[in-house]
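Visitor: Pasting the sequence and the predicted model now:
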Amino acid sequence: MSIQTIDDLPTPSLILDRAILRRNLKRMSERLANAGVTLRPHLKTAKSVQIGRMAVEGHDGRITVSTLAEARYFADGGFKDILYGVGIVPAKLPAVTALRRQGVNLRVVTDNLAVANAIAAAASSGDMFSVLIEIDSGAGRAGLPFPALPGLLEIAQTLHAAPGVELAGVMTHAGHSYHQSTPDGIAAVAEQERRAIVGAAEKLRAAGIPCSIVSAGSTPTAVHARDFTGITEMRPGVYVFNDLDQEFIGSCGSGDLALSVLASVIGHYPHRNQLLIDAGALALSKDISAQEFQPKVGFGTLAGVLASGMAVVECSQEHGFVGADSPLPYAKLPVGARVRVLPNHACITAAAYDRYYVVDSDLDGGRSVVDVYDRINGW
């Protein structure tokens, strides 16, 4: 029997609301277009060609990925300007070369002089590379720390002087914006991000080294930045779906969460005011990012008026323990009933699945399955 509604789906399944997705995409696209900044969406969240094509509508088609598997998948889907946004190691350069020989401008990232030398050496055989230098604008993950920028000119000169190597620019990711929960707080991080990346570009240009791409981006800073001067492109990712974390830090509203996990009720336990669902750690992830500002969300909250105040408070591998402060409505949620769990962090929750079952809340409240989108997983 062909699948017609979400009641026909196996559980757990990943549900994507197309109407909300389209609104999220339109909002970010218009915001950056109005700011005069190119959108290079980070598709590590969606990992789907169908969603990627929707995300770049009205822009020039450039994207960001986080794995070589994603790079190959999106290249096969027709994308030609791809930034591999994780620091490259020399052992992966042959894989980069293979895609570039197919006509894909797969750009790589480094903050390391030894890697810059390895890229220059690999290019000496006739292959070409496009490289961005990563800057740490305050997140403390990767990149040359601003304002000192130790080694920036040496790395840049090594790349710029090498035949076959394009020093395309600089990039950063303000991941620390996720730890702010007010527009002013996020805007301050966005300005820190902007100053770091523009400062690095200016230092290169002052040394006579070109720097055409000045690439920043996170969903919170893309939403709340008040000044984009000097930035050429932004790389938000989770905005396509949003999640509880983005809602609670103020990057989206409660009606902007496009992704949920469909699960079945598998047990009632009134003595502890809990019920069990068949979506546990593997289906939801154990990401607790949203708990920083809303501790009671647990590992995800249940969607819908009936489930108000209910959250997955604990989970084992395949079991989700649902609780609430008030007595649970067991009669309205019998064993076998379907519920939808809103994720803390959409990127990690979605990583457990190989497809999206697409519904559209603008058509029938989101009950009919109107499409299925594929995903790429792995590395």
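Guide: Structure's in. What do you need?
Visitor: quick one: low-confidence parts of the chain?
Guide: 1-2 (pLDDT under 70).
Visitor: Quick check: can you list the domain ranges of it?
Guide: Here the domain parsing of the chain from automatic domain parsing is 6-12+253-374, 36-240.
Visitor: How much space separates Arg62 from Gly304?
Guide: According to C-beta to C-beta, to the nearest Å, Arg62 stands 38 Å off from Gly304. Just so you know, the C-beta spots here come from the backbone N, C-alpha and C atoms, and that holds for glycine as well.
Visitor: thinking again about what came up before, ok, and which of the domains of the chain has the densest surroundings?
Guide: domain 36-240 (a mean of 20; mean count of other C-beta atoms under 10 Å).
Visitor: for the closest residue to His42 other than its chain neighbours, what are its contacts?
Guide: Leaving aside its sequence neighbours, His42 sits nearest to Gly237 (C-beta to C-beta, 6 or more residues apart in numbering; 3.2 Å). Residues near Gly237 by C-beta atoms under 8 Å, 6 or more residues apart in numbering: Pro41, His42, Leu43, Lys44, Thr45, Ala46, Thr64, Gly217, Ser218, Thr219, Cys347.
Visitor: Test my guess that Gly298 contacts Met310.
Guide: No. The pair Gly298 / Met310 is not scored as a contact, 9.4 Å apart, by C-beta atoms under 8 Å.
Visitor: between those two, what contacts are shared?
Guide: Joint contacts of Gly298 and Met310 (C-beta under 8 Å, 6+ apart) are Gly323.
Visitor: Just send the domains of the chain back as JSON lines, with distance to Ile20 too.
Guide: Listed next are the domains of the chain as JSON lines, based on distance: least, C-beta to C-beta, whole Å:
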{"stretch": "domain 6-12+253-374", "distance to Ile20": "4"}
{"stretch": "domain 36-240", "distance to Ile20": "10"}
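Visitor: between those, which gets nearest to Arg22?
Guide: domain 36-240 (7.2 Å; C-beta to C-beta).
Visitor: tell me how far the closest one is from the chain's mean position?
Guide: Its chain's C-alpha centre and that of domain 36-240 lie 14 Å apart, by C-alpha atoms, centre = their mean, to the nearest Å.
Visitor: Quickly run through the sheet partners of the host helix or strand of Ser130, with directions.
Guide: Secondary structure from DSSP states H and E places Ser130 in strand 129-136. In the sheet, strand 129-136 lines up against strand 105-110 (parallel), strand 144-145 (parallel), strand 165-172 (parallel) (DSSP bridges).
Visitor: closest one to Ser326 among the ones you listed?
Guide: strand 165-172 (44.8 Å).
Visitor: Show residues contacting that closest one.
Guide: Here strand 165-172 has contacts from 83, 85, 107, 109, 119-120, 123, 128-137, 143, 156, 159-160, 193, 196-197, 200-201, 204, 209-216, 232, 235, using C-beta under 8 Å, 6+ apart.
Visitor: helices or strands next to the helix or strand just after that strand in the packing?
Guide: Sequence-wise, the next helix or strand downstream of strand 165-172 (DSSP H and E) is helix 183-206. Using 3 or more C-beta pairs under 8 Å, 6 or more residues apart in numbering; DSSP states H and E as the contact test, the elements touching helix 183-206 are strand 129-136, helix 152-161, strand 165-172, strand 213-216, helix 219-224.
Visitor: can you redo the ones you listed as JSON lines with distance to Gln4?
Guide: Putting those into JSON lines (distance: least, C-beta to C-beta, whole Å) gives the following:
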{"stretch": "strand 129-136", "distance to Gln4": "46"}
{"stretch": "helix 152-161", "distance to Gln4": "55"}
{"stretch": "strand 165-172", "distance to Gln4": "45"}
{"stretch": "strand 213-216", "distance to Gln4": "43"}
{"stretch": "helix 219-224", "distance to Gln4": "34"}
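Visitor: Can you tell me which of these is nearest to Thr11?
Guide: Per C-beta to C-beta, nearest to Thr11 of the helices and strands packed on helix 183-206: helix 219-224, 28.7 Å.
Visitor: Run through the neighbouring helices and strands of that closest one.
Guide: helix 18-35, helix 183-206, helix 244-249.
Visitor: rewinding a little: for Leu21, which of the domains of the chain is the nearest?
Guide: Per C-beta to C-beta, nearest to Leu21 of those: domain 6-12+253-374, 4.5 Å.
Visitor: which parts of stretch 241-248 are buried?
Guide: For stretch 241-248, a neighbour-count test (16 or more other C-beta atoms under 10 Å) marks Phe241, Asn242, Asp243, Leu244, Asp245, Gln246, Glu247, Phe248 as buried.
Visitor: Inside helices: which ones of the contacts of Gly237?
Guide: Thr219, Cys347 (DSSP state H).
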